[in-house]
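S.K.: Dropping the sequence and predicted coords here.
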Amino acid sequence: MTDLLTGPDTLPQERRLVTEVPGPRSRELGARRAATVSSAVGSTLPVYVERAGGGVLVDVDGNSFIDLGSGIAVTGVGNAAPAVVAAVQEQVAAFTHTCFMVAPYEGYVAVCEELARLTPGDHEKRSALFNSGAEAVENAVKVARHATGRQAVVVFDHAYHGRTNLTMALTAKNMPYKHGFGPFAGEVYRVPMSYPFRDPEGMTGEQAAARALALVETQVGAGNVAAVLIEPIQGEGGFVVPAPGFLPALADWCRRSGAVFIADEIQTGFCRTGDWFACEHEQVVPDLVTTAKGIAGGLPLAGLTGRADLMDACHTGGLGGTYGGNPVACAAALATIRTMRERELAGAARALEAAMLPRLRGLQERSGAVGDVRGRGAMLAVELVRPGTTEPDAELTARISKACHAQGVVTLTAGTFGNVLRFLPPLVIGQELLGEALDVLDAAFDEHAPAR
Ligand SMILES: *Cc1c(COP(=O)(O)O)cnc(C)c1O
């Protein structure tokens, strides 16, 4: 059997730089890329990957990077996780595609059974599967509108929901997601998020919810709202964790108003925040939940799960797509979920938080540029500002992130103002490897950030 050879156990879990970054072979590929790949598609790293496993990416020049990004919260079970590789190999040899709308298969049904078990709430649920997060969000809006007979969708400042036409409208940030790409879909209304670092001092979650909902009631009208759509912890918007009470207050308002409460758990789901889903932290039970990213260990799959009465309200044939719930992606999802259960990766995410938070708070003690340290589980961030203010420092954020890349650590940035360093390590990353990555981050701060 060769299937285990792609697993993390056989790829050394180490940081190793053997050339400059990028090395000669990556530079060569970069030149080929420039001549053929649209420059509208960007990349964070200047290197080209040849292999990956567990918590490392190995480039074509033999450099091994510690991965603190997981391909944007996707490879929670580790890259090329052995159980995922084996399940994919078995499925791809059996059949690659039938289209579930033409000839169905068990894997799709089994993934929907898992989604019903794992998502918050013990009510009767139904699911449908798609290819990408944006597609799941689009379908959530379709279901909410059809089921309620209403049109308005309420979204939040700093929200990110995707790059298709409707999801661009739902997304807050102009550059790079929306600029020049309009006109956008209508009946989308944006209200303030609970953002403790930037809200008035002491504002509670309930007060922030009242601020948002007052706008909805005066400008939209409760009876026109099909759905309130929110990320329980915002992802691209900068890992904004709303104040306690904010999400429950929104969910209560939806229940009273007949609106559908949609939790976009695409980035937060599948153990990332220390629970299967981030809504569990405050016992919030959404009407609909969107999932993707961490669900299938790197294969493209997305889900929409929710109340059976809503999900079954549409006519048969109203939801679907050629590839949605592809059998290979479903096999990968089942292996991913099994791995998360067996290895108790929600607990692993909490352990990563315990290991990382003190290190990030240490940065805050050493440098006045760290305005805020926040997040939950293995979804943590630092927000960089000009010392003594809340004025964003995107330039310093980019400089520190680049310094980490040059030293063999993959870091990502985020935030409406581009001033958030975010950390999304694979949930299986070893403590030693993580510690080494944080040493590199420390050194980057010591070199580039102003000391206190
Ligand atoms: C990534 C993301 C999406 C979009 O998912 P894609 O698979 O890139 O279409 C939507 N919502 C959230 C919260 C995300 O993080």
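M.R.: Received it, and whenever you're ready, just let me know what you need.

S.K.: hey, let's count contacts and neighbours off CA atoms from now on
M.R.: OK.

S.K.: Would you double-check that Ala128 falls in a strand?
M.R.: Yes: the assignment for Ala128 is a strand, going by DSSP: H, G, I helix; E, B strand; the rest coil.

S.K.: That one - nearest residue in space that isn't next to it in sequence?
M.R.: Closest residue to Ala128 apart from its sequence neighbours, by Cα to Cα, 6 or more residues apart in numbering: Leu304 at 5.4 Å.

S.K.: give me phi/psi at the one you found?
M.R.: Backbone torsions for Leu304, taken as degrees, to the nearest 10, come to phi -120, psi 120.

S.K.: Same check on Lys125?
M.R.: Taking degrees, to the nearest 10, you get phi -130, psi 160 for the backbone angles of Lys125.

S.K.: ok so, going back, could you check how far the residue nearest to Ala128 is from Met340?
M.R.: When distances are taken as Cα to Cα, to the nearest Å, Leu304 and Met340 turn out to be 20 Å apart.

S.K.: So the two - more neighbours on which side?
M.R.: The neighbour comparison of Leu304 against Met340 (other Cα atoms under 10 Å) goes to Leu304, with 27 against 21.

S.K.: got the contact list for the more buried one?
M.R.: Leu304 makes contacts with 127-130, 136-137, 139-140, 288-291, as judged by Cα atoms under 8 Å, 6 or more residues apart in numbering.

S.K.: Which PyMOL command selects the buried ones in those?
M.R.: Selecting in PyMOL just the buried members of those, where the criterion is 16 or more other Cα atoms under 10 Å, is done with this command:
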select buried, resi 127+128+129+130+136+137+139+140+288+289+290+291
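
S.K.: Dump the contacts of Leu304 to TSV, plus pLDDT and distance to Thr322.
M.R.: Rendered in TSV, the data for those read as follows (pLDDT from 0 to 100; distance: Cα to Cα, whole Å):
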residue	pLDDT	distance to Thr322
Ser127	98	17
Ala128	98	13
Leu129	98	11
Phe130	98	9
Ala136	98	14
Val137	99	17
Asn139	98	15
Ala140	99	18
Leu288	99	23
Val289	99	22
Thr290	99	19
Thr291	99	19
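
S.K.: and of the contacts of Leu304, the nearest to the ligand?
M.R.: The nearest member of those to the ligand, counting by Cα to the nearest ligand atom, is Val137 at 6.8 Å.

S.K.: Nearest residue to that closest one in space, please, no chain neighbours.
M.R.: Take Val137 and drop its neighbours on the chain: the residue closest to it by Cα to Cα, 6+ apart is Thr290, 6.3 Å away.

S.K.: what's across from that neighbour in the sheet?
M.R.: The bridge-partner assignment for Thr290, based on DSSP bridges, gives Asp264, Leu304.

S.K.: Touching, Cys99 and Asn326? I think so.
M.R.: Yes: Cys99 is within contact range of Asn326, at 7.2 Å (criterion: Cα atoms under 8 Å).

S.K.: For the longest helix along the chain, C-alpha coordinates in PDB please.
M.R.: Scanning the chain for the longest helix, with DSSP state H as the assignment, gives helix 345-366. Taking Å, rounded to 0.1, in the frame of the first residue of the first chain, the C-alpha atoms of helix 345-366 are listed here in PDB:
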ATOM      1  CA  LEU A 345     -10.000  17.900  16.800                       C
ATOM      2  CA  ALA A 346     -12.400  20.300  18.500                       C
ATOM      3  CA  GLY A 347     -10.400  19.700  21.700                       C
ATOM      4  CA  ALA A 348      -7.200  20.000  19.600                       C
ATOM      5  CA  ALA A 349      -8.400  23.500  18.500                       C
ATOM      6  CA  ARG A 350      -8.900  24.500  22.100                       C
ATOM      7  CA  ALA A 351      -5.400  23.300  23.000                       C
ATOM      8  CA  LEU A 352      -4.000  25.300  20.100                       C
ATOM      9  CA  GLU A 353      -5.800  28.400  21.500                       C
ATOM     10  CA  ALA A 354      -4.200  27.700  24.900                       C
ATOM     11  CA  ALA A 355      -0.800  27.400  23.300                       C
ATOM     12  CA  MET A 356      -1.100  30.400  21.000                       C
ATOM     13  CA  LEU A 357      -3.000  33.100  23.000                       C
ATOM     14  CA  PRO A 358      -0.200  33.700  25.500                       C
ATOM     15  CA  ARG A 359       2.300  34.000  22.700                       C
ATOM     16  CA  LEU A 360       0.100  36.600  20.900                       C
ATOM     17  CA  ARG A 361      -0.500  38.500  24.100                       C
ATOM     18  CA  GLY A 362       3.200  38.500  24.600                       C
ATOM     19  CA  LEU A 363       3.500  40.400  21.300                       C
ATOM     20  CA  GLN A 364       1.000  42.900  22.600                       C
ATOM     21  CA  GLU A 365       3.000  43.400  25.700                       C
ATOM     22  CA  ARG A 366       6.200  44.000  23.700                       C
END
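
S.K.: what's in contact with it?
M.R.: Counting by Cα under 8 Å, 6+ apart, residues outside helix 345-366 touching it are 77, 270-276, 340, 370-373, 376-380, 382, 427-428, 431, 438, 442, 445, 451-452.

S.K.: And for stretch 393-411?
M.R.: Counting by Cα under 8 Å, 6+ apart, stretch 393-411 makes contact with 15-17, 20-21, 45, 63-69, 369, 384-386, 412-413, 417-423, 437, 440-441, 444-445, 448-449, all of which sit outside it.
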